[in-house]
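> What follows is a predicted protein model with its sequence.
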Amino acid sequence: MSFTTKARRGLKLMADNAGNFVLDKKVRQQLSARNPTTPPRYEAVLYFADDPSSAYQIRQWFGPMLKLSEQHPVAVLVHKATTANAIMEDCPLPVYLTSGITEVEQFVSTHGVRVIFYVNNNQANFTVLRLTDPVHIHLSHGESDKISMASNQLKAYDFAFIAGEASRQRILANVPRLDPDKLVEIGRPQLDDAIERPHNNDGGRITVLYAPTWEGDRDAMAYGSAVSHGPALVRALLADPRYRLIFRPHPRTGVRLRAHGESVKLIASLIASAVKESPGAGHYRDHDPDFNGAMAQADICICDISAMAMDWLPRGKPLLIAIPTEPGAAVDPKGITSVVPVLKAADAERTPSVLDDLRSRPLSAEQLDLIRHHFGETDPGASTERFLAAVDRAMQEPSL
């Protein structure tokens, strides 16, 4: 490496550090202004160490945590100033920037924290896990057949709150020597916040939600269809006057593989062109942090093997899974694709006719059984009640 290159990198690092310092100071001032003037006792905290591109993982727990806060005060601890800056406007709970373990430890001690929740397995979580007094609970950020849902990292937590029997079977079959008592079934509290919304289009079109997942961090996780299915699928739906399209790509699409990000841009441009030609059709790309709005408007969902597919199931509406084209993608032969109709990449341009066939048939008994297998009781409020009861039990765990 030449001296000039080293110098440039050194200057960039200095500039980045200076920028981070300024943002850190600004964010702390803003958080101080929005948080309680006299910091109360927080019995639970939701800890998040990732960057803004993964903030969807924590956002989906704001609703259940707000409900929990009615019984046990809850705060959100964020590791990065950029993430705190991104969520502070829409987070209904107090947010605190805790950039290092010392700040986390001081917060936990000062505020009497009894439970720490985690929504992923970020490496920074395991620094916080050194704290022995609080109960550590892994929540995940969705239920799916993805291979990442069964991780040896779950052993590090006191408990893992899981959706249902399907998750229990998946984890115990793939994670040896895990104590089954660590797994606590709570359903999916986020489903209790789902609301139906009007379609907002006057053409009487059938609304299709296309929600591909991202490309994944390795071949086994390559479930994303933005490249393999997306453009052909979207072109076909936009060309059919019977359909209205909502496009909601995973927020991390294109983070690892540029082709997926470029495909999202292409699809967005196709939608923009279609809107100019037919403004009343109601097509749009969804940017709302809350995925429930798009789901509530849709009559049909097309997505990949992902949590979006599972969250759609309890709605009792047609679902089509884009089957991954990556040979190394880990597809459970007994999972959702063994029950729910699938769309091959070669058939993407035929999507309207595939949907016609799908709409002509009632949901199978197997698909209804799949809902119960993954989530258990799905009556309104049932999952939230299970979640709150599980937290109460965890708080009663004896400490040394």
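Alright, I've got the coordinates.

> CA atoms for contacts and neighbours, from now on please.
Noted.

> from what I can see residue 250 touches residue 210, true?
No - with contact defined as Cα atoms under 8 Å, residue 250 and residue 210 do not form a contacting pair (10.5 Å).

> May I have the predicted confidence score for the most centrally placed residue in the chain?
Taking Cα atoms, centre = their mean, the centroid of the chain lies closest to residue 57, which sits 4.3 Å from it. Among the per-residue scores, residue 57 shows a pLDDT of 92.

> Of residue 250 and residue 210, give the one with the bigger neighbour count.
Shown here are residue 250 and residue 210; by other Cα atoms under 10 Å, residue 210 has more neighbours (26 against 20).

> Strand partners (parallel or antiparallel) of the helix or strand harbouring the more buried one?
Here residue 210, judged by DSSP states H and E, is contained in strand 206-211. Strand 206-211 pairs in its sheet with strand 243-247 (parallel), strand 300-303 (parallel), by DSSP bridges.

> what does it contact?
Under the criterion Cα atoms under 8 Å, 6 or more residues apart in numbering, residues 199, 242-250, 294-295, 297-304, 308 lie in contact with strand 206-211.

> what's the spacing between residue 294 and residue 211?
10 Å (Cα to Cα, to the nearest Å).

> Residue 166 contacts residue 374, correct?
Yes - applying Cα under 8 Å, one finds residue 166 in contact with residue 374, separated by 5.0 Å.

> Show me which of the two is the more surrounded one.
Neighbour totals were compared for residue 166 and residue 374, and residue 374 leads with 24 against 21 (other Cα under 10 Å).

> Just say helix, strand or coil for the more buried one.
Here residue 374 is recorded as helix under DSSP: H, G, I helix; E, B strand; the rest coil.

> where's it relative to residue 52, distance?
Relative to residue 52, and taking Cα to Cα, residue 374 is found at 29 Å.

> where along the chain do the strands fall?
Assigned by DSSP state E, the chain shows strands spanning 44-48, 74-78, 95-97, 115-118, 135-138, 159-162, 183-185, 206-211, 243-247, 284-285, 300-303, 319-322, 342-343.

> Serialize those to CSV and add fields for distance to residue 61.
Shown next, in CSV, are the strands of the chain (distance: least, Cα to Cα, whole Å):
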stretch, distance to residue 61
strand 44-48, 9
strand 74-78, 10
strand 95-97, 14
strand 115-118, 10
strand 135-138, 12
strand 159-162, 13
strand 183-185, 16
strand 206-211, 20
strand 243-247, 23
strand 284-285, 23
strand 300-303, 22
strand 319-322, 24
strand 342-343, 29
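
> would you turn the ones you listed into a markdown table with distance to residue 265 and mean pLDDT?
Formatted as a markdown table, these follow (distance: least, Cα to Cα, whole Å; pLDDT from 0 to 100):
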| stretch | distance to residue 265 | mean pLDDT |
| --- | --- | --- |
| strand 44-48 | 29 | 97 |
| strand 74-78 | 30 | 96 |
| strand 95-97 | 33 | 96 |
| strand 115-118 | 32 | 98 |
| strand 135-138 | 34 | 97 |
| strand 159-162 | 35 | 96 |
| strand 183-185 | 39 | 96 |
| strand 206-211 | 14 | 97 |
| strand 243-247 | 11 | 98 |
| strand 284-285 | 11 | 97 |
| strand 300-303 | 18 | 97 |
| strand 319-322 | 19 | 96 |
| strand 342-343 | 22 | 96 |
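
> Tell me which of the ones you listed lies nearest to residue 144.
strand 159-162 (10.8 Å; Cα to Cα).
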